[in-house]
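Student: structure for this input, please:
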Amino acid sequence: MTATIQRITNIFTPSGGEYVPLDSLQRKGSTSSQQQQPVDNLASSTSASPAGAGAITPGTLISRLRSPSRNNTTNNSYSNIHTDDSDPNPFVLVDHTAYTAPPDFPSSTTSHSTRERRFDPFEHQEDIRQLYRNTAVNRPRTMTESTFFRSEEMSLIQLYIPAEVAQPTVAELGELGLVQFRDLNPDVNAFQRAFVNEIRRFDEMERQLRFFTLQIEKVGIHVRPSIPSTHLSRARSRQELDDLEERISEHENRLLQMNNSHETMQRRYLELTELKHVLRETSDFFQEAVSHQEDIRNSFDEPDAPLLDRDLETGGSGAQTHGLNLGNVTGVIPRSKMQTFERILWRSLRGNLYMNTAEIDEPVVDPSSDAVVEKNVFIIFAHGREILAKIKKISESLGATLYPIDSNAESRRDALHDVERHIDEFNSVLVNTTQTRRLELTRISENLTSWMTIVKKEKATYHTMNHFNYDINRKCLIAEGWCPTNEINTIQAALREVTQRSGSMVPSILNELKTHKEPPTFHKTNKFTAGFQGIVDGYGMAKYREVNPGLFTVISFPFLFAVMFGDVGHGFLVLLVGIYLVLNERKLASVDSEMFQMVYSGRYIVLLMGAFSLFTGMMYNDIFSRALPWFQSGWHFNVPEDYDGKTTLVAEPTGHTYIFGIDYAWHGTENYLLFTNSYKMKMSVILGVIHMSFGICMVYQNAKFYRKPIDIIGGFIPQMLFMQSLFGYLAVMILYKWTVNWFETDAAGHVIRNSPPSLLNTMIYMFLSPGSVAEADKLYPGQSFVQGLLVLIALICVPWMLFLKPYYLNCISNTASYLRLWALSLAHAQLSEVLWTMTLGLAWKFSGGLGAVMTIAMFTMWFSSTIFILIGMEGLSAFLHALRLHWVEFNSKFYIGTGYAFEPFSFATMLVEKDP
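Tutor: Below you'll find the model as predicted:
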């Protein structure tokens, strides 16, 4: 027993030396506090240095960026720019300038607790671009104006980069994010490229940093977030990277040593804890075994043999009486395996055993997984060495831990006392070890974001350099890539700056190549237009320089959504959500939820959808299915005093015209649904014709730009003629029918015009009997000739399009598809009406206390259903239908969508991407 306790409580190091607290370990070769300071110190340095003479360094933080003095002249822009290659701590990315923080960021001397705002690397990337734009030499070149109507004009450039400045040059281009490099070695295996060793090196460093991240998250330490200087860091020299690699390795070795020591001590502490419970419980087990001698005797094959001595407390580990050897197996097993353990023992030993168990009420932590495991103490009495050996094998196979226990009561009490004393000692050692390990992780967390940024940037730089060719004679790297034509001067300014900063005598050379290869498509977007452009890109990437539907989608998408979702109340709630997302966009950008990020990325879409729904709701005069008397009504009901409520009343015109939208007097009338049904159906046709006609006009724009007259002759002209001959004519008839007073009478009181004709019948008979219209169905004079001519034009256009551009014969089905605007709008209004009637409308029929209780209960039901059904489900349905109308009905008219996206080498894009 004494040897067992000594084995468990051995807390010496593997080398056999005395245990040394890990916080006392020092880095080898560290002779002064000045040398040790860069390892763990991340305090911002504000050493004053004279400004560089014209040296522009985006690698340090620049005071004029994002500051009120942004519009200063060029000569005054460089007063605070500083280049310092003798950075005392190259891995602590700090500001060496007298940086005056703009309102978006706290000053560099602000405490760590105030630097919690999310840093947007794209904003600082744009700052770097703007800096180089201001310093670029504007050489004469033909440039096109940047618009959202078409993608940016792109150029294929070739770079000759001297080998000694290749790494800082490519890193600076990564900061700019303006060049999409082409792979000039497509047939070379990834493991045979020039910089594969460097990439492996940074892969290992990245693995170490991920290990630090997991350990820090496991402990629950807060990692210092990104700061501007982190992302504006300069390219690091080879010596600095070697030092960083050594520093990370030292931290990893110390942390691994601490983890191993901590896990070993936790495991031994677990064994002591289990042994304590075993010693406590076995005293009761032995006493209980004495009182159940008869049961134990009956469990063996020889029922007449005495199994236990009269006093088990005074015997050895196994009692020997009348030729019977009785032993025991004691240990701890997970509670989840207890039933399986008992069943296997019973079947294997055929019941020839006596077993007792007890639950351990103290939580037991598994040191390998840090999970809380529920365990039981067990003791098994049996006779025979083979049986006891078999019990031990079964126990160990099920994960049980066995502890040899002396059957002598005095020995067990002494052992229990020793175990409790060692547990107390272990508690203090574990606390000290945990604190030391937490201190080490805290030091790492102060630098982790900076280190991860440096490693990711360097790895991406060398990965990009693997795409280049190496010219042995010129000792330079040759690269090719696409960039916006308007940004060539900016790129040249960055190349000149790197050459000056590195002191190289050989500059990098940029050549613009002439090529017939199709360039990538690049649409300049901002946070407002990015969501709408994403809708278009989801359908297909635009061909280079074709008309961009994203410009029109900014208005048409939320408007068509609102046509189906029109309600003042629902639109206002959606608008509030959009306003909240926009006003808190910086804070909400860090929310780690894929579903929420989908909504967040379209926050401006939500904002406009709510605003347009508010507008269409006012047009429909609907607020939660109720009407609001915005203006004076044009109708009046003369209700007699003895009205019984059953007779139908007809409203009389008051002579006023309702100024905006549908008159509120229509709500609640018997023919309200009939009126709105006809109105919304015809409105859908008009909107569909306008939307598709505009798309056909874009066919002309693309054909003119690409100089393809066949698209004008075989596409734009016949498609426009066919569309307007049929559905354009229908839209005109709808508008004309709305403007005519069909019940106007003369002085004698006779109706001047015939009854308003059915437009559906007019369109049917327009093809069944072209050139003739019944007198009772005439809409206007000369209708027969006009309709005959339009039918003739439509018939001519069919073979015209069929032989040249057959895929344009889809306007009939597309027009019918726009009737979803009518169907969804009608369904939304009726569902809102039913919900109101079944909840609040029902509650307000009661009065008194019951009415108040019903109102509260029904309001809760109504509001919840409004949010989840009318806004959530109906809103999603309207969104998808609006998406369908843009992708299929509108884009199919002109959108080619066969391009590929411009994906430049950009550190900003790389840093915001999540690790797989």
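Student: could you pull out the strands for the chain?
Tutor: 154-162, 180-181, 319-321, 324-334, 354-359, 364-365, 372-373, 375-383, 401-402, 469-471, 476-484, 509-513, 635-636, 652-653 (DSSP state E).
Student: do you know which of those lies nearest Ala908?
Tutor: Proximity to Ala908 (C-beta to C-beta) singles out strand 180-181 among the strands of the chain, at 14.3 Å. (Glycine included, C-beta is placed from N, CA and C.)
Student: so Ser445 makes contact with Ile221?
Tutor: Yes: the criterion here is C-beta atoms under 8 Å, and Ser445 meets it with Ile221 at 5.1 Å.
Student: higher neighbour count, the two?
Tutor: Ser445 (20 against 15; other C-beta atoms under 10 Å).
Student: and the pLDDT at the more buried one?
Tutor: In this prediction, Ser445 carries a pLDDT score of 91.
Student: if I look at it, how far off is Thr657?
Tutor: Ser445 sits at a distance of 70 Å from Thr657 (criterion: C-beta to C-beta, to the nearest Å).
Student: also Val606?
Tutor: For Val606 relative to Thr657 (C-beta to C-beta), the value is 35 Å.
Student: ok, those two, which is more surrounded?
Tutor: Taking other C-beta under 10 Å, Val606 and Thr657 do not tie; Val606 has more neighbours (24 against 10).
Student: who are the contact partners of that one?
Tutor: When contacts are counted by C-beta atoms under 8 Å, 6 or more residues apart in numbering, Val606 touches Val574, Val577, Gly578, Leu581, Val599.
Student: TSV please, covering those and showing neighbour count, pLDDT and distance to Ser502.
Tutor: Below are those laid out as TSV (neighbours: other C-beta atoms under 10 Å; pLDDT from 0 to 100; distance: C-beta to C-beta, whole Å):
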residue	neighbour count	pLDDT	distance to Ser502
Val574	25	96	54
Val577	17	96	51
Gly578	21	96	48
Leu581	19	95	45
Val599	15	91	46
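Student: now, which of the residues you listed lie within helices?
Tutor: Among the contacts of Val606, the members falling in helices (DSSP state H) are Val574, Val577, Gly578, Leu581, Val599.
Student: lowest average confidence, helix or strand, in this protein?
Tutor: helix 33-40 (a mean of 34; mean pLDDT, DSSP states H and E).
Student: returning to what we had before: closest one of the contacts of Val606 to Phe212?
Tutor: Val599 (32.8 Å).
Student: excluding chain neighbours, what is closest to the closest one?
Tutor: Nearest residue to Val599, sequence neighbours excluded (C-beta to C-beta, 6 or more residues apart in numbering): Val606, at 6.9 Å.
Student: try Thr553
Tutor: Phe532 (4.7 Å).
Student: pass me the low-pLDDT residue ranges in this protein, would you?
Tutor: Flagging of the chain using pLDDT under 70 yields the residue ranges 1-119, 138-144, 226-234, 284, 287-326, 645, 808-809, 915-916.
Student: longest helix of it?
Tutor: Under DSSP H, the chain gives helix 409-465 as its longest helix.
Student: pretty sure Phe612 is touching Pro558, no?
Tutor: Yes: with contact defined as C-beta under 8 Å, Phe612 reaches Pro558; the gap is 4.5 Å.
Student: quick revisit: between the strands of the chain, which one is nearest to Ser813?
Tutor: strand 154-162 (36.7 Å).
Student: name the residues of that closest one that come out as buried.
Tutor: Buried residues in strand 154-162, counted by 16 or more other C-beta atoms under 10 Å: Met154, Ser155, Leu156, Ile157, Leu159, Tyr160, Ile161, Pro162.
Student: out of those, who's nearest Ile710?
Tutor: After measuring the buried residues of strand 154-162 against Ile710 - C-beta to C-beta - the closest member comes out as Met154, at 25.7 Å.
Student: okay, now the nearest residue to that closest one once chain neighbours are set aside: neighbour count?
Tutor: Distance criterion C-beta to C-beta, 6+ apart; nearest residue to Met154, sequence neighbours excluded, is Pro519 at 3.7 Å. Each residue near Pro519 was counted by other C-beta under 10 Å, and the total is 22.
Student: would you check that Pro519 makes contact with Glu152?
Tutor: No: if you go by C-beta under 8 Å, Pro519 and Glu152 don't touch, sitting 9.2 Å apart.
Student: circling back to that earlier point, roughly how far is the longest helix of the chain from the heart of the chain?
Tutor: Mean-position distance between helix 409-465 and its chain equals 32 Å (C-alpha atoms, centre = their mean, to the nearest Å).
Student: for it, packing partners?
Tutor: helix 2-8, helix 33-40, helix 166-176, helix 196-219, helix 228-231, helix 238-291, helix 907-912 (3 or more C-beta pairs under 8 Å, 6 or more residues apart in numbering; DSSP states H and E).
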